[in-house]
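how would this look folded up:
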Amino acid sequence: MTDYCKNIFGKSIRELTIEDLKVYFSEVKEESEILEFKSGKGDFEGVFNNNILKTVSAFLNSSGGVLIWGSPEDKSPERGMLKVCVGDFVPVKERKEKDQLINRISSSISYMPTGIKAERLEFNNGYVYIIEVQESGSKPHQLNGQYFIRLDGQSKPAPHYIVDSMFNQIKLADVECETTIVDFYNNRNYNFITVKAYFFNFSKHVIAKNIQTHFYIENGVFEINKLQDIDSQNFPNLHYGINPSTQIVIMVSDDHLVYSDNIVNLQTTIRSDNSLARISSYEINVQDLKRGSQLQDCIKSTTNNLSISGVSYEFFDDKKSYKELILKKR
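Reported below is the predicted structural model:
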């Protein structure tokens, strides 16, 4: 995630003060591909609907950026030159909560964007709003039937060829499945192991679409269908930070365990329309389960691979701490 405010002002958006902006605008400043100024003149709703939303939409479809609403009024130093801002603020009169502002922006733009931050600073009897927008991984985004991009420091309708290129960009989500044991019991000659699978999307700005999951077991069957494989929970979208889960029961006979050293092999696969398939393999030690060992100590992850056209590639997991945090919460 790019810290645009820090790159421009030397501080992150949550750290900025009105004094920092006063110092910034004490010198002549020009707009750019990632920086837009808007004074607080005009009707709030009119400016919001006709200018603010267009700028945010253009940032999403371009390289991201920062919008200062309540800045000094812009002016052209000479005919034909770019407009510049310098001097006193022209603050926005209306007071809006940051979350309210972000929600209005997000709900006005389609496909609903993520990665938008806002901060409100007081100045005299008004407010200066700072809106920081990340480049979207799910572009193009549409506003009132149009696609906007940043061109020459302005927000303009995107030419058809640029819209086509954005639609044709392939940005992959990083999806994964993590499995734990949540219950075990033995009934006569059969062992029943309940596992819980959590689904993750580690891509903050790419929504995984049309999730499909598949489970395969060796040396046993799934209780629900008495088969060795099952297509488990499927759902339309998987967002970053939202981790759905599903439970399935594995049934293993003692007779089968004799030939497998009391080990049951479980394989999980998760894929989506815009991600590579990820295959995770586990070994479940039924002997340890029978001895009363901690459930989580009886399952061991052996591989965590990406699959491309049937070929698996080893994945070195740097997300372990995040997954452990989620599993502890559950």
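
so what's residue 190 up against?
Under the criterion of Cβ atoms under 8 Å, 6 or more residues apart in numbering, the neighbours of residue 190 are 251, 252, 253, 254. Placement of C-beta: from N, CA and C, glycine included.

Mind jotting down where the strands sit in the stretch 51-200 of the chain?
65-69, 84-85, 116-123, 126-133, 148-151, 154-157, 175-187, 190-201 (DSSP state E, counting those that start in this stretch).

Contacts made by the fourth one with the rest, please.
Strand 126-133 is contacted from outside by 4-5, 13, 16, 18, 21, 40, 52, 56, 59-60, 64-71, 89, 91-96, 101, 105, 113, 115-122, using Cβ under 8 Å, 6+ apart.

what's the answer for stretch 252-262, then?
With contact meaning Cβ under 8 Å, 6+ apart, stretch 252-262 is reached by 189-191, 193, 218-221, 263-264, 285-287.

Max pairwise distance over the residues you listed: which two?
Farthest pair in those (Cβ to Cβ) is 221 and 287. Separation: 19.4 Å.

So for these two, which residue has more residues nearby?
More crowded of residue 221 and residue 287, by other Cβ atoms under 10 Å: residue 221, with 18 against 12.

Make a ChimeraX selection of the buried ones in the contacts of strand 126-133.
Those of the contacts of strand 126-133 that count as buried under 16 or more other Cβ atoms under 10 Å are selected in ChimeraX with:
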select :4,5,13,16,18,21,40,52,56,59,60,64,65,66,67,68,69,70,71,89,91,92,96,101,105,113,115,116,117,118,119,120,121
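
Give me the below-cutoff pLDDT ranges for this structure.
Scanning the chain for pLDDT under 70 picks out 76-82, 170, 233, 306-330.

most centrally placed residue in it?
Centroid-nearest residue in the chain, with Cα atoms, centre = their mean: residue 204, separated by 2.3 Å.

Next up, the contacts around the residue of the chain most remote from its centre.
Each residue of the chain has a distance to the centre, and by Cα atoms, centre = their mean the biggest one is for residue 188: 46.9 Å. The contact partners of residue 188, by Cβ under 8 Å, 6+ apart, come to none.

Out of the contacts of residue 190, who's the most crowded?
Neighbour counts for these (other Cβ under 10 Å) peak at residue 252, which has 24 neighbours.

What angle do strand 175-187 and the host helix or strand of it make with each other?
Per DSSP states H and E, residue 252 falls inside strand 245-253. Angle, strand 245-253 to strand 175-187, by axes from the mean of the first three to the mean of the last three Cα atoms, to 10 degrees: 40 degrees.
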